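Undergrad: this one's structure only:
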């Protein structure tokens, strides 16, 4: 009896030690620790991204009263709407044009700042970041005042040099240009600071070797600077493209989609259809059209980044 009890006690102790060793091995794994450390972020992503996206898909399959399943009816009605295709064109035109301008201006500003001494560079860097720091809705109100036909300071400056007044918010093409101008003014400093950080990471020895080989400034830019910054440029453009496609506040404050719904983007049109018009399922369907476009862009950009990383290894 005693022997049996001692055997049982020893077996329980060995099993306890085995479980403890298994838990220790489990905790020592780097993948396990990494997973546990990312759990808070994953829970935020699920709560703020995955769940709203799944709920939007569910809403888009309901009828207007949200009482019955409608299948793809909302998407079919959108495909038959001329206004929706105008919104799709305006969204793509706005996002692509604004991102290209922001990338070009940001790169030029970063290149200029990179050649300024550090003491003066901090001052210019701080001043140029101001448009990006100001809340977009607040700065857009200032631009709205400058574009207003009655009090337009821009038209007043144009009249000084005998240029006719421009209907900034009254004509759809001028209104589109005004929206792009405001977005570029707000977003270009972000590109500038990202590209400036990338420029500072390029080793000076590469430029010195290129100069010894007789490379011109343009050749140094093409064969040294741009290849070394390619991944940063790609990721920054992708991030800005996502944010610009989902932009709402600039259009809402500046034009509210007018004139004649010709300056709406997906976000502002989804708000108008879903909230203001009370058709939440169709508004959800409008918002979902951004996903395939952005997913396709993300796929090609991230694939190019992965390919470049493999080539550098």
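TA: Yes, it's here. Bear in mind the structure is a predicted one, so any value in this text is a computation, not a measurement.
Undergrad: Compute the number of surrounding residues for residue 140.
TA: 22 (other C-beta atoms under 10 Å). For the C-beta atoms, the positions are set from N, CA and C on the backbone; glycine is no exception.
Undergrad: Phi and psi next, for it.
TA: Phi and psi for residue 140, reported as degrees, to the nearest 10, are phi -70, psi -30.
Undergrad: What of residue 69?
TA: phi -80, psi 130.
Undergrad: bridging residues for it?
TA: Counting by DSSP bridges, residue 69 is bridged to residue 62.
Undergrad: Kindly provide the distance from it to residue 61.
TA: Separation of residue 69 from residue 61 (C-beta to C-beta, to the nearest Å): 6 Å.
Undergrad: In terms of neighbours, single out the busier of the two.
TA: Per other C-beta under 10 Å, whichever of residue 69 and residue 61 has more neighbours is residue 61, with 17 against 9.
Undergrad: Now do the contacts for the more buried one.
TA: 69, 70, 71, 72, 74, 281 (C-beta atoms under 8 Å, 6 or more residues apart in numbering).
Undergrad: Just the buried residues of the longest helix anywhere in the chain, please?
TA: Secondary structure assigned by DSSP state H gives helix 82-114 as the longest helix of the chain. By 16 or more other C-beta atoms under 10 Å, the buried positions in helix 82-114 come out as 84, 86-88, 90-91, 94-95, 97-99, 101-103, 105-107, 109-110, 113.
Undergrad: Specify the residue ranges that define each domain of the chain.
TA: 2-59, 77-312 (automatic domain parsing).
Undergrad: I'd like the mean pLDDT over the shortest one, please.
TA: If I follow you right, that is domain 2-59. In this model, domain 2-59 carries a mean pLDDT of 71.
Undergrad: going forward can the numbers begin at 43, since that is how I track them
TA: From this message on, residue numbering opens at 43, which makes the last subject domain 44-101.
Undergrad: Touching, residue 262 and residue 252? I think so.
TA: Yes - Residue 262 is in contact with residue 252 according to C-beta atoms under 8 Å; the separation is 4.9 Å.
Undergrad: how close does the nearest residue to residue 243 once chain neighbours are set aside sit to residue 98?
TA: Leaving aside its chain neighbours, residue 243 sits nearest to residue 270 (7.6 Å; criterion: C-beta to C-beta, 6 or more residues apart in numbering). Distance of residue 270 to residue 98, given as C-beta to C-beta: 40 Å.
Undergrad: any idea which element residue 109 lies in?
TA: Residue 109 belongs to no helix or strand when assigned by DSSP states H and E.
Undergrad: Which neighbouring elements make contact with the longest helix of the chain?
TA: helix 160-170, helix 214-242, helix 268-287, helix 308-313 (3 or more C-beta pairs under 8 Å, 6 or more residues apart in numbering; DSSP states H and E).
Undergrad: And the ones you listed: which comes nearest residue 339?
TA: For residue 339, the closest of those is helix 268-287, at 5.9 Å, according to C-beta to C-beta.
Undergrad: Name the residues of that closest one that are buried.
TA: 271, 273-276, 278-284, 286-287.
Undergrad: about what we covered before: got the contact list for the residue nearest to residue 243?
TA: 240, 243, 244, 248.
Undergrad: any idea which helix or strand comes after the helix or strand harbouring the last one?
TA: So that's residue 248. Element membership for residue 248, per DSSP H and E: helix 246-254. For helix 246-254, the following helix or strand on the C-terminal side (DSSP H and E) is helix 259-262.
Undergrad: what separates that next one from the chain centre, distance-wise?
TA: 30 Å (C-alpha atoms, centre = their mean, to the nearest Å).
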